[in-house]
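Asks: A predicted structure for the sequence below; I have some questions about it.
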Amino acid sequence: MCSEHERLPREAYLLDTAEVARRLLGCRLVREIAGHRIAGIIVETEAYLGREDLGCHAARSRSERVEAMYGPPGHAYIYFIYGVHHCLNAVTQPVGEPQAVLIRALAPTEGVEVQRDNRRNPRTGVLPSELAVANGPAKLCQALGIDLRLYGTDLVAGNELWIEQEPALPSESIAVGPRVGIAYAGEWAAKPLRFWITGHPCVSRGG
DNA sequence: TATACGATCACCT
DNA sequence: GGTGATCGTATAC
């Protein structure tokens, strides 16, 4: 049928986490609020590989904050950071294996004006451009109204926040590099675990 | 109990 | 390129 609205199936979240990060590129992140769809195409992701990955929150002691990463695949791990921002991850791997993919940037496709308004500068009232409305992990959460109330949400079977599949991108369309903002993570900081659509204008930096 | 700091962003120079 | 915002959590005392 119309594959446009098919969810990415749960099995897809059981691939190697770096493979999930690549598979999510080009897929559609959808938020539904009061029956209204707002959405964008995922253009940038990062893989976080569990307890051994010093850049991964699960490398520290298991706590309430990271519990969702230990849960079933295809659910949302959301964290609050810098006292200001929220970031969204899709949990990968079976229960008990705490890995996830950070969604870092979207190209907005539905409800673009709602997204721009959600990101209105509270001091100046200025709206971001369409290209810049969700070109960062905290920006996309603000644009789509994602916060800790959605912690643990099922991205496969839920009705508030989910991911719809699109055809997998050819590897030549995917660029790879080190993850952002984890300089403290030793040798893990340099590993090629950040993925983005080559040349896409909505990538958070240096696309 | 106390303290340091973060998977970021916006604003400044 | 540098820094402040702003608070939950981890780690130390």
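Replies: Structure's in. What do you need? Numbering: from 1, shown residues only, chains lettered A, B, ... in the order given.

Asks: okay, CA-based contacts and neighbour counts for the rest of this
Replies: Noted.

Asks: and the residue of chain A found nearest DNA strand C, what's its pLDDT?
Replies: Among the residues of chain A, A:Gly83 lies closest to DNA strand C, at 3.4 Å counting by C-alpha to the nearest atom of the strand. According to the per-residue confidence, A:Gly83 scores 95 in pLDDT.

Asks: can you tell me how far it sits from A:Leu144?
Replies: 19 Å (C-alpha to C-alpha, to the nearest Å).

Asks: the two - which one has more neighbours?
Replies: A:Leu144 (28 against 6; other C-alpha atoms under 10 Å).

Asks: how much space separates the residue of chain A positioned farthest from its centre from A:Cys141?
Replies: Most distant residue from the mean C-alpha position of chain A: A:Thr124, 28.0 Å away (C-alpha atoms, centre = their mean). Using C-alpha to C-alpha, A:Thr124 is found at 20 Å from A:Cys141.

Asks: check A:Val43 too.
Replies: Going from A:Val43 to A:Cys141 by C-alpha to C-alpha gives 14 Å.

Asks: do the same with A:Val114
Replies: Taking C-alpha to C-alpha, one finds A:Val114 at 13 Å from A:Cys141.

Asks: so between those two, which is more surrounded?
Replies: With neighbours defined as other C-alpha under 10 Å, A:Val114 and A:Cys141 compare such that A:Cys141 has more, 23 against 15.

Asks: quick one: that one and A:Asp147 touch, right?
Replies: Yes - using C-alpha atoms under 8 Å, A:Cys141 is in contact with A:Asp147, at 6.9 Å.
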